[in-house]
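**Q** Just need the structure, nothing else, for what follows:
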Amino acid sequence: MTAPPFGYSPELPLRRPGGPKTRPALSAARLPGGIASSLRRLRGLHLRLSLCRITLAPGCDSRLTPIDDRSLIAEVANDGSLFVIFIHPQGIDDVEAESGLGARLEQSLREHGAQLGALRIAILHCSATAIDESDATLDAVIDLPSRPLLRAGGRAEVVSI
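**A** The predicted model follows:
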């Protein structure tokens, strides 16, 4: 077996059963265009990010709407979920970022009339240098199990997975 061509992840097999089209690229139906574009621009920079996917609990008849917060990059996907990118400020670790992100999301979503008790969130902290061309990071965010945004006391709690 030879080394993979330049630019390909060494973890991925060189050949896939069924040919090169067996793993389709992440479709626009799963990831909003603005989020994908932002991640491409951030890719390779030495920044710490939180990638979030916010969904409604099963059986909830509400809809998520775009939020307006200067510290968040957010967009609603075709499936109704809300994707959010939060760039960590310098000197802030993941735990502090979770706390700040939870408070911002709670405030922004409350202002838009979202049913906070029905919201579920999946969050992934990563370095922008870890975002790769194979979309493995994005697949990880989409496949993460979600947790309730609010804990029993009614305050936001973002869970790192």
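**Q** which ones are touching residue 74?
**A** For residue 74, the contact set (C-beta atoms under 8 Å, 6 or more residues apart in numbering) comprises 66-67, 82-85. Any C-beta I mention is one placed from the backbone N, CA and C, and that applies to glycine too.
**Q** Could I have the buried ones of those as ChimeraX selection syntax?
**A** To isolate the buried ones among those in ChimeraX, judged by 16 or more other C-beta atoms under 10 Å, type:
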select :67,82,83,84,85
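**Q** okay if I get the contacts of residue 74 as a markdown table plus distance to residue 50 and pLDDT?
**A** Below are these laid out as a markdown table (distance: C-beta to C-beta, whole Å; pLDDT from 0 to 100):
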| residue | distance to residue 50 | pLDDT |
| --- | --- | --- |
| 66 | 18 | 79 |
| 67 | 15 | 84 |
| 82 | 14 | 90 |
| 83 | 11 | 91 |
| 84 | 8 | 92 |
| 85 | 7 | 92 |
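**Q** any idea which of the contacts of residue 74 is closest to residue 52?
**A** Distance to residue 52, by C-beta to C-beta, is smallest for residue 84 among the contacts of residue 74, at 4.2 Å.
**Q** The closest one touches residue 49, doesn't it?
**A** No - using C-beta atoms under 8 Å, residue 84 is not in contact with residue 49, being 10.3 Å away.
**Q** Next, the nearest residue to residue 46 once chain neighbours are set aside: secondary structure please.
**A** Distance criterion C-beta to C-beta, 6 or more residues apart in numbering; nearest residue to residue 46, sequence neighbours excluded, is residue 129 at 6.2 Å. Put simply, residue 129 is helix when judged by DSSP: H, G, I helix; E, B strand; the rest coil.
**Q** Can you report how many residues neighbour residue 129?
**A** 13 (other C-beta atoms under 10 Å).
**Q** separation between it and residue 109?
**A** According to C-beta to C-beta, to the nearest Å, residue 129 stands 30 Å off from residue 109.
**Q** Pull the contacting residues for residue 144.
**A** 53, 122-124, 161.
**Q** Please check those and keep the buried ones.
**A** With neighbours counted by 16+ other C-beta under 10 Å, these contain buried members at 53, 122-124.
**Q** how far does the worst-scoring helix or strand of the chain on mean pLDDT sit from the chain's center?
**A** For the chain, the helix or strand with the lowest mean confidence is helix 136-143, at a mean of 75 (criterion: mean pLDDT, DSSP states H and E). Distance of helix 136-143 from its chain centroid, counting by C-alpha atoms, centre = their mean, to the nearest Å, is 8 Å.
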